[in-house]
Structure formats: structure tokens, C-alpha cells
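Enquirer: Fold the following for me, if possible:
(chains A and B)
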Amino acid sequence: DTEVTQTPKHLVMGMTNKKSLKCEQHMGHRAMYWYKQKAKKPPELMFVYSYEKLSINESVPSRFSPECPNSSLLNLHLHALQPEDSALYLCASSQGTGYGYTFGSGTRLTVV
Amino acid sequence: SQKIEQNSEALNIQEGKTATLTCNYTNYSPAYLQWYRQDPGRGPVFLLLIRENEKEKRKERLKVTFDTTLKQSLFHITASQPADSATYLCALVEYGNKLVFGAGTILRVKS
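Expert: Below is the predicted model of the structure:
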């Protein structure tokens, strides 16, 4: 298995809702990432997990809460989002420094 | 400030020609530089990685060069095809395995 699987593919949520994005990989990669991508912009790093521990938080608002239950799974819990948080949320994994990243197809999030 | 700059304009070329995309960076000292392809609504796909001590890397019709003195990488697609049309992203690895992307260049190959 050489893929990163993200669910759901599309999500519409209200500003008072709580939802979660899920990401799964079975390549044995020990680093996993969340990126946010707005239209016509490059992906922007949000969080880095290394060996299941949060190693980088790019000053992301607390309404985004990451979780790494095990080495294959990465979640992003969403609460009280704003319309400006609407974007494509990408999960990625890698073997570590010096290797390419494998990205999932993303979750298209719309906050209404 | 740190910057990763790619051709801001879309690159339009004829099928069969070589496409050359540029990536310039300032205030970085990357150990690695990577290139990705991204199609609309999809995640980036890893193409090539080049290390700071490597001058050139090839993979099939793709070639990447890395000049740490000029702080520049060039990405070439030879014998380009309409299927090569996409956005190409240059990315640098910072500390903590943090991958930072340039804005990307849109490539359009016309038949």
C-alpha cells in the first residue's frame, strides 16, 4: 500500500459544529503532516507529527486540534471554525528527512 | 525574510518541446530540494528530490539541477506532452522535517 487515504473527501459544516478529518497510511512512515491549501496558493504547513508526537505546530488556532492515535492514523478535530477556514486540507506522510512526501487527495472543507 | 520564488506567470509550450521551470530561494540553506506536481483539486505528487551536494538528478523525462551558489533549482521536462499540464511546486526542507512550498508554476502544454 503506497497511499495516504483521507476521509471524508468533502465536508460542509456550520460554525458551531464539531467534526473530524481522518488520515491513514500503511507505508510505515513515522512522520505525518497536516497542510492547509487555499485556492491558487501553495500548501501551508499546520502540524508535524514525528513518531506519534507533535513536533511542530505552526501557530495554528486552537479550533484545530490534531491527534495521532497510532503510527498509521492522524486526525484533525475541528470546532467552532470560521468561513475563512474553508480550504483543502491535505495529509501527508514521509519516511523522514531526505525523502519525498506522500500526500492524500485532501478533504475539501466548507464552513458555512 | 525567507522566500521561495517560482515563475509567477504560467508557462505555455508546444508539445514535444522542453519545459524549464525555475525555483529561486533566499535566506534558506536547504539540505534538500524537492519538486512536486499538483493537479486541480488533488494533493501534490512527489517527483524528484535533490540533495545539496548533487548537481543534477534525472528520472525518465524529468531533470532537476541544484545550484547552491546561485540559490536556484531548474526543473526540466523533455518531450513535453499535454498530460504534463499541471502546477509544479518547488519545496525546501527546513528544520524538523518541515517542507515549505513555493507558489508554484502552471505549465500548459498545447498539442
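Enquirer: Show me what residue B:4 is bridged to.
Expert: For residue B:4, the beta-bridge partners are residue B:25 (DSSP bridges).
Enquirer: Pretty sure residue B:10 sits against residue B:109.
Expert: No. Between residue B:10 and residue B:109 there is no contact under Cβ atoms under 8 Å: 11.2 Å. (Glycine included, C-beta is placed from N, CA and C.)
Enquirer: So between the two, which is more surrounded?
Expert: Using other Cβ atoms under 10 Å in any protein chain shown, the more surrounded residue of residue B:10 and residue B:109 is residue B:109, with 20 against 11.
Enquirer: Next up, the contacts around that one.
Expert: By Cβ atoms under 8 Å, 6 or more residues apart in numbering or on different chains, the residues touching residue B:109 are B:13-15, B:19, B:80-85.
Enquirer: who in chain A is up against chain B?
Expert: Within reach of chain B by Cβ under 8 Å from any Cβ of the partner chain, chain A has these residues: A:4, A:31, A:33, A:41-45, A:48, A:50, A:55-56, A:88, A:90, A:92, A:94, A:96-106, A:108.
Enquirer: and the residues you listed, which of them are in strands?
Expert: In strands, defined here by DSSP state E, the members of the residues of chain A next to chain B are A:4, A:31, A:33, A:44-45, A:48, A:50, A:55-56, A:88, A:90, A:92, A:94, A:102-103, A:108.
Enquirer: what does stretch B:37-57 contact?
Expert: A:4, A:43, A:88, A:90, A:92, A:98-106, A:108, B:30-36, B:59, B:62-68, B:73, B:75, B:86-89, B:101, B:104.
Enquirer: let's see 7 Å
Expert: Where contact means Cβ atoms under 7 Å, 6 or more residues apart in numbering or on different chains, the residues beyond stretch B:37-57 that reach it are A:43, A:90, A:100-106, B:30-36, B:59, B:62-66, B:68, B:73, B:86-89, B:104.
Enquirer: mind checking pLDDT for the residue nearest to the spatial centre of chain A?
Expert: Geometric centre of chain A, nearest residue: residue A:34, 3.2 Å, by Cα atoms, centre = their mean. Here, the pLDDT recorded for residue A:34 equals 98.
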